[in-house]
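[1] for reference, the sequence and a predicted model appear below.
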Amino acid sequence: MTSSLQKFITRVLSIFLLLTTMACSDSKVGSPIIEPDGPTPQIIVMYSMGGLGDQSYNDKILQGIQRFKMNHYGEFDMYQYSPLNEEDAFRLLDDWLSLPESDIPALFIIAASDYESILSEMLHRKSPTKNKQILFFEGDFAEDLPVTTFRFSMYGAAYLGGVAAAAMGRENILVMLAYEEKVTGSASEGFQDGFLSVNPNGKIDVTYLADDWTGFIAAQDAYKKMSEWTQTYDFIFPVAGGSNQGIYRYTREYENAPLTAGMDVDQSGLSNNIIGSLIKNIDRVIEEYLTAWLFEGVLPESTVLDLSSDYIGWLPAPLFMDYNYLIEQHRETAIIKEKEYNEK
């Protein structure tokens with residue numbers, strides 16, 4: 001997909017989401033967190049830049065948001081945006097924080113780790129008024145900022161993916177990341193540790209598609225590089241959002257393509273070369289956080305969701321279920337190593 005086409009699709013999605021959410025918020029029946037005749041709560045969702053349509057993490061977030069809207073129709077106003085660039089994201093957050101305090105309960109959902117630097121800079125200059133709360137996805141703030149956050153620890157589930165790849169006799173591995181950052185970096189380290197625990201003589205390389213968030217929307221670049229990678233590697237572990245689609249497309253079109261893994265959702269249906277998927281139940285997480293805010297007026301505490309929870313895990317593909325017994329044998333080891341990794 002060309003850059004111009006990706007931008008066009010993102011713009012259309014943003015307009016569509018805004019129109020549909022405005023239409024759904026016309027009927028107001030009050031909110032459980034305030035008096036029935038009080039002001040209607042307001043929610044703003046800001047998705048990652050160019051992320052919608054990735055058939056994985058961002059689309060799963062959208063599913064959870066839309067399901068929450070249907071289950072609580074008319075109880076709040078919601079507006080959804082997918083910024084085209086960091087300037088748009090900065091302006092949207094700045095405008096919201098600049099609104100004067102009111103009696104309207106307001107929640108701003110920042111649904112991507114890409115905005116961490118923007119959010120940190122903004123909150124050092126402006127603090128939310130008492131009626132506002134911020135929920136930030138995949139955050140890991142060391143500083144004390146007025147933000148509720150959760151993040152997935154990908155190490156443990158990726159560790160099991162590495163075990164699976166090694167069990168299938170893979171020798172030369174490529175870990176493909178969007179760009180160098182902490183969230184996907186934990187998946188890379190977990191996969192490598194799991195693979196080497198079974199095949200200590202295996203060879204693993206790591207590559208990045210870009211220097212910034214655009215590595216998540218570089219499916220065509222990944223596809224083009226596959227002809228070269230196929231000559232060297234027999235397994236590719238892709239952790240690059242929508243860019244992963246370039247890998248899956250290549251494996252569908254060429255018989256000699258290496259095996260690979262799905263990411264964020266069950267993607268085994270996209271290619272027979274996908275041995276399993278690292279699953280994140282982000283839709284369930286967002287529904288639980290929004291339900292708590294709407295009915296209790298506060299968000300759950302910030303937390304880390306790891307393999308010991310039921311929110312993230314490794315799901316073998318139907319064609320590769322014969323290796324599931326080995327994966328289960330390594331589950332407790334993966335959980336222990338993940339806790340050690342996160343405590344560093």
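    That came in fine, so what should we check first?

[2] am I right that Gly215 is in contact with Ser243?
    Yes. Using Cβ atoms under 8 Å, Gly215 is in contact with Ser243, at 6.4 Å. Every C-beta, even on glycine, is put in place using the N, C-alpha and C of the backbone.

[3] tell me, what's touching those two both at once?
    Ala178, Leu209 (Cβ atoms under 8 Å, 6 or more residues apart in numbering).

[4] can you give me the helices in the stretch 51-200 of the chain?
    57-71, 86-98, 116-123, 155-167, 182-198 (DSSP state H, counting those that start in this stretch).

[5] the helix or strand following the longest one to helix 182-198, inter-axis angle?
    It refers to helix 182-198. Once helix 182-198 ends, the next helix or strand along the chain (criterion: DSSP states H and E) is strand 203-208. Angle of strand 203-208 versus helix 182-198, following axes from the mean of the first three to the mean of the last three Cα atoms, to 10 degrees, is 170 degrees.

[6] just checking: what are the partner strands of strand 203-208?
    For strand 203-208, the pairing partners within the sheet under DSSP bridges are strand 172-177 (parallel).

[7] return the set of buried residues in the strand it pairs with.
    Across strand 172-177, burial judged by 16 or more other Cβ atoms under 10 Å covers Ile173, Leu174, Val175, Met176, Leu177.

[8] ok, now stretch 135-154?
    135-139, 145, 147-154.

[9] what's the most distant pair in those residues?
    Spatial extent of the buried residues of stretch 135-154 (Cβ to Cβ) is set by the pair Leu145 and Met154 at 23.3 Å.

[10] ok so, going back, which among the helices of the stretch 51-200 of the chain is found nearest to Gly269?
    Short answer: helix 57-71, nearest of the helices of the stretch 51-200 of the chain by Cβ to Cβ, at 14.3 Å.

[11] as PDB, could you dump the C-alpha coordinates of the closest one?
    Only the C-alpha atoms of helix 57-71 are listed here, as PDB (Å, rounded to 0.1, in the frame of the first residue of the first chain):
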ATOM      1  CA  TYR A  57      -3.900  -4.600  17.600                       C
ATOM      2  CA  ASN A  58      -5.600  -1.300  16.600                       C
ATOM      3  CA  ASP A  59      -8.600  -3.000  15.000                       C
ATOM      4  CA  LYS A  60      -9.000  -5.100  18.100                       C
ATOM      5  CA  ILE A  61      -9.100  -1.900  20.200                       C
ATOM      6  CA  LEU A  62     -11.800  -0.500  17.800                       C
ATOM      7  CA  GLN A  63     -13.800  -3.700  18.300                       C
ATOM      8  CA  GLY A  64     -13.800  -3.300  22.000                       C
ATOM      9  CA  ILE A  65     -14.700   0.400  21.800                       C
ATOM     10  CA  GLN A  66     -17.600  -0.300  19.400                       C
ATOM     11  CA  ARG A  67     -18.900  -3.100  21.500                       C
ATOM     12  CA  PHE A  68     -18.900  -0.900  24.600                       C
ATOM     13  CA  LYS A  69     -20.800   1.700  22.700                       C
ATOM     14  CA  MET A  70     -23.500  -0.700  21.700                       C
ATOM     15  CA  ASN A  71     -23.800  -2.100  25.200                       C
END
